[in-house]
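Q: structure here, sequence nowhere to be found:
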Ligand code: URA
């Protein structure tokens with residue numbers, strides 16, 4: 001049986017966190033009675049939020065993962081008529097309001113999330129939340145020790161020193177050579193960081209965003225996220241400073257094998 005929290009989240013479009021607080025704080029009624037237990041069962045009945053009746057038949061939000069191929073633009077529509085990531089979404093999954101969460105460059109491939117849930121998009125793309133993003137890259141020549149050291153001590157992008165959260169050499173990951181994890185999402189950040197140390201990225205793929213990995217989703221394919229994946233994303237939407245994961249700075253594991 002679905003919980004009241006689940007029903008409220010689906011019907012209101014609120015994030016899980018906000019819906020939880022709304023129930024706890026007594027803003028929610030079912031058939032006119034205040035309900036304050038988010039995990040209590042909800043089978044049927046009129047849900048109201050601050051006295052406003054919600055459409056409980058409203059469709060739940062759609063959450064998708066796409067393995068974006070190069071040469072697609074991350075936008076909902078392109079005025080120049082170029083191919084967009086929306087062209088890769090099958091009609092049965094193309095819900096009204098679906099949009100990408102964040103962006104990948106035209107030439108970058110890999111994990112791109114799309115949703116109809118504007119609150120989640122806001123939370124995951126807001127700089128305050130600093131969700132981790134891992135990229136695999138190939139450069140014209142493998143990075144030298146000096147380039148690695150330079151990256152680790154920070155290179156200037158948009159007036160600020162940016163360092164990777166983690167940098168690892170990849171083994172058995174043809175054609176990729178290096179894994180780089182960052183938290184910020186400045187425009188073309190990975191390419192610009194590499195350029196700043198004199199390396200040219202020849203291919204770039206995002207393999208992880210927060211708790212979600214690309215896995216073996218084929219290039220150009222799309223799949224719906226599972227409930228657990230959506231829940232994991234919601235818990236990743238907390239500000240980095242409150243997450244208490246204690247992770248920062250460089251990973252001394254350059255040279256170790258990686259398996260996303
Ligand atoms: N960094 C880049 O350079 N490009 C992307 O698409 C994402 C991160």
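A: That came in fine, so what should we check first? These numbers were taken from a predicted model, which means no experiment stands behind them.
Q: pLDDT weak spots in the protein?
A: Applying pLDDT under 70 to the chain flags the ranges 1-2, 44-45, 55-60, 237-260.
Q: mind listing what the residue nearest the centre of it touches?
A: Centroid-nearest residue in the chain, with C-alpha atoms, centre = their mean: residue 209, separated by 4.8 Å. Residues in contact with residue 209 (C-beta atoms under 8 Å, 6 or more residues apart in numbering) are 102, 111, 113, 131-134. Glycine gets a C-beta too; all of them are placed from N, C-alpha and C.
Q: among those, which are in strands?
A: Among the contacts of residue 209, DSSP state E puts 111, 113, 133-134 in strands.
Q: ok, what's across the strand from the residue nearest to the centre of the chain?
A: residue 133, residue 212 (DSSP bridges).
Q: and the contacts of residue 209, which are buried?
A: By neighbour count, with 16 or more other C-beta atoms under 10 Å, the contacts of residue 209 hold 111, 113, 131-134 as buried.
Q: pick the one among those closest to the ligand.
A: The closest of the buried ones among the contacts of residue 209 to the ligand turns out to be residue 133 (C-beta to the nearest ligand atom; 7.0 Å).
Q: wait, that closest one touches residue 189, no?
A: No. Counting by C-beta atoms under 8 Å, residue 189 is not a contact partner of residue 133; they are 9.1 Å apart.
Q: now the common contact residues for those two.
A: Counting by C-beta under 8 Å, 6+ apart, the residues touching both residue 133 and residue 189 are residue 182.
Q: what about the strands in the stretch 1-150 of the chain?
A: Secondary structure of the stretch 1-150 of the chain (DSSP state E, counting those that start in this stretch): strands located at 28-30, 33-34, 47-49, 52-53, 63-68, 99-100, 109-115, 133-139.
Q: rewinding a little: which two of the ones in strands among the contacts of residue 209 have the greatest separation?
A: Based on C-beta to C-beta, the longest span within the ones in strands among the contacts of residue 209 runs between 113 and 134 and measures 14.0 Å.
Q: what sits closest to residue 27 if chain neighbours are left out?
A: Closest residue in space to residue 27, ignoring its immediate chain neighbours: residue 50 at 5.2 Å, by C-beta to C-beta, 6 or more residues apart in numbering.
Q: where's residue 74 relative to residue 88, distance?
A: 11 Å (C-beta to C-beta, to the nearest Å).
Q: related to what we said a few turns ago, got the buried ones among the contacts of residue 209 as TSV, with distance to residue 65 columns?
A: Shown next, in TSV, are these (distance: C-beta to C-beta, whole Å):
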residue	distance to residue 65
111	6
113	6
131	15
132	16
133	14
134	14
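Q: tabulate those residues in TSV, adding columns for distance to the ligand.
A: Formatted as TSV, these follow (distance: C-beta to the nearest ligand atom, whole Å):
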residue	distance to the ligand
111	11
113	13
131	13
132	12
133	7
134	11
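Q: identify each of the helices in the stretch 1-150 of the chain and give its residue range.
A: Remark: helices assigned in the stretch 1-150 of the chain by DSSP state H, counting those that start in this stretch are 4-12, 16-24, 118-125, 145-153.
Q: I'd like the next helix or strand past the last one.
A: Per DSSP states H and E, the first helix or strand lying C-terminal to helix 145-153 is strand 155-157.
Q: the nearest residue to residue 22 once chain neighbours are set aside: neighbour count?
A: Spatially, and ignoring its direct neighbours in sequence, residue 22 is nearest to residue 28 (5.6 Å; C-beta to C-beta, 6+ apart). Other residues lying near residue 28 total 24 when counted by other C-beta atoms under 10 Å.
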